[in-house]
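Engineer: Predicted model and sequence below, questions to follow.
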Amino acid sequence: MGFATDAIHAGQSPDSATGAVMTPIYMTSTYAQDELGKHKGYEYGRTHNPTREALEKNIAALERGKYGIAFASGVAAIQALQGLVKSGDHIIASDNVYGGTYRLFEKIWRDYNINFSWIDMSNPDNIINEIIADTRLVYIETPTNPMLNLTDIKRVSEIAKNAGLFTVVDNTFMTPYFQRPLELGADIVLHSSTKYLNGHSDVIGGIIVTRKEDIHEKIRFIQKAAGAVPSPFDCWLTLRATKTLAIRMKQHNENAMKIAGYLQNQSYVKSIYYPGLKTHPHHELALKQMSGFGGIVSIDFGDAELAEKFLRSTKVFTLAESLGGVESLLCHPATMTHASVPKRERERMGITESLVRLSVGIEDVEDLIADIEQAVNL
Ligand SMILES: *Cc1c(COP(=O)(O)O)cnc(C)c1O
């Protein structure tokens, strides 16, 4: 089936008890058993929930994977990767991952003697020099936040496979509508479903998808044993949201493309970062591995005061952390999402005091452009 059809139907069929077309929210912690040792496959809410199962099947289908395992947040999904490593193991990770991923790995996992090489993944061959006998995983995020740098998923997966390593891709920014890492050779794809998958800024969630049975078993075990499961209501909201994922992503992309095109020609913009622009250093790779460019656009005003004024003056764009919702947001990475990154490191990455990240929503794009114009001209 096509993507939009799967988005609406995969994992869902009319409820067997009532015919309800929409998957019910099964708010229950436990299930009646017919007799000792005889039940309907559902024993306890942490392990099994039909609403959660529907969501897991739905997103697994969209990523063209086999198994979906849902979590209470994106970082809980990343934490569940611990099912694949043990003390003494080594992970090669992209040096520009989501801040919470870096914090989890460096501030928690390292204490359990899991070691990391943080490298520039814009050249995947950099991985080769870092591989040691204890290496287990290669962890990437593409495009990166907020600089929108791309990593060649196919090449990374090839290098990892040749060395017997698993490749993990955080696909939060693109969603399977624009990029499907499993089809490019990755073993695991994960999401903060808080962002585009849910898309309405009203749920915190995460999910892992894989085609491999052994990986599925290990991650499923962590889901049950560590228990960071999402509520049935949150699963239902996310399931409701993925029905419109295709049209939302189309519109995010169209609006972001128009805004990037507009901003590119404004004299007050010193630099603009959007993979859909021909001037983006990874535009060719974007055309190769993505079918769209997403809704995140970063701009550097080259003037911290102007950036500050802009952030203060928009009326449709809201100043807030997070991204991927239907409403347009903006954020100041240097003091918000990336405040914990040391200043020198930040500036090396391009995250200056005058950089602003736009999460372009699906409002009328004319209103968004007018909002930007009035904010810079105030
Ligand atoms: C937000 C985010 C996460 C973390 O997800 P939470 O749902 O906030 O726990 C991980 N990766 C990326 C790329 C994100 O944007």
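Structural biologist: Perfect, thanks for sending it.

Engineer: From here on, just use CA atoms for contacts and neighbour counts.
Structural biologist: OK.

Engineer: Which residues does the residue of the stretch 101-250 of the chain found nearest the ligand form beta bridges with?
Structural biologist: Using CA to the nearest ligand atom, the closest approach of the stretch 101-250 of the chain to the ligand is made by S192 at 4.1 Å. With DSSP bridges as the criterion, the beta-bridge partners of S192 are G206.

Engineer: And it, how close does it get to T18?
Structural biologist: 33 Å (CA to CA, to the nearest Å).

Engineer: try A133
Structural biologist: The value you get for A133 to T18, if CA to CA is used, is 55 Å.

Engineer: Which one's more surrounded, S192 and T18?
Structural biologist: S192 (26 against 8; other CA atoms under 10 Å).

Engineer: Let me see the contact set for the residue in the stretch 51-200 of the chain that the ligand sits nearest to.
Structural biologist: In the stretch 51-200 of the chain, no residue comes nearer to the ligand than G74, which is 3.3 Å away by CA to the nearest ligand atom. Going by CA atoms under 8 Å, 6 or more residues apart in numbering, G74 touches 190-194, 204-207.

Engineer: before we move on, what about Q33?
Structural biologist: Contacts of Q33 (CA under 8 Å, 6+ apart): 39-40, 43.

Engineer: what do you get for Q82?
Structural biologist: Q82 touches I222, counting by CA under 8 Å, 6+ apart.

Engineer: Which pLDDT value does the model give it?
Structural biologist: On pLDDT, Q82 comes in at 96.

Engineer: That one and E183, how far apart?
Structural biologist: 24 Å.

Engineer: Paired strands for the helix or strand hosting V138, with orientation please.
Structural biologist: According to DSSP states H and E, V138 maps onto strand 135-141. With DSSP bridges as the test, strand 135-141 is paired with strand 90-94 (parallel), strand 166-170 (parallel).

Engineer: got a list of contacts for it?
Structural biologist: 84-85, 89-94, 96-98, 121, 151, 160, 164-171.

Engineer: Could you count how many residues lie near E35?
Structural biologist: E35 has 7 nearby residues by other CA under 10 Å.

Engineer: I should have written E363 there, sorry.
Structural biologist: 16.

Engineer: Excluding covalently adjacent residues, which one is nearest to it?
Structural biologist: E327 (6.9 Å; CA to CA, 6 or more residues apart in numbering).

Engineer: ok, Y67 touching L55?
Structural biologist: No - if you go by CA atoms under 8 Å, Y67 and L55 don't touch, sitting 10.9 Å apart.

Engineer: So which of these two has more stuff around it?
Structural biologist: L55 (28 against 23).

Engineer: any idea which element the more buried one lies in?
Structural biologist: helix 50-62.

Engineer: Now do that helix: which elements does it pack against?
Structural biologist: Counting contacts by 3 or more CA pairs under 8 Å, 6 or more residues apart in numbering; DSSP states H and E, helix 50-62 packs against helix 3-9, strand 67-71, strand 206-210, helix 232-242.

Engineer: Export the ones you listed as JSON lines, with columns for distance to the ligand and mean pLDDT.
Structural biologist: Output for the helices and strands packed on helix 50-62, formatted as JSON lines (distance: least, CA to the nearest ligand atom, whole Å; pLDDT from 0 to 100):
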{"stretch": "helix 3-9", "distance to the ligand": "20", "mean pLDDT": "98"}
{"stretch": "strand 67-71", "distance to the ligand": "9", "mean pLDDT": "98"}
{"stretch": "strand 206-210", "distance to the ligand": "6", "mean pLDDT": "98"}
{"stretch": "helix 232-242", "distance to the ligand": "12", "mean pLDDT": "98"}
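
Engineer: want to try CSV for those, with distance to E308 as columns?
Structural biologist: Formatted as CSV, the helices and strands packed on helix 50-62 follow (distance: least, CA to CA, whole Å):
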stretch, distance to E308
helix 3-9, 39
strand 67-71, 36
strand 206-210, 32
helix 232-242, 33
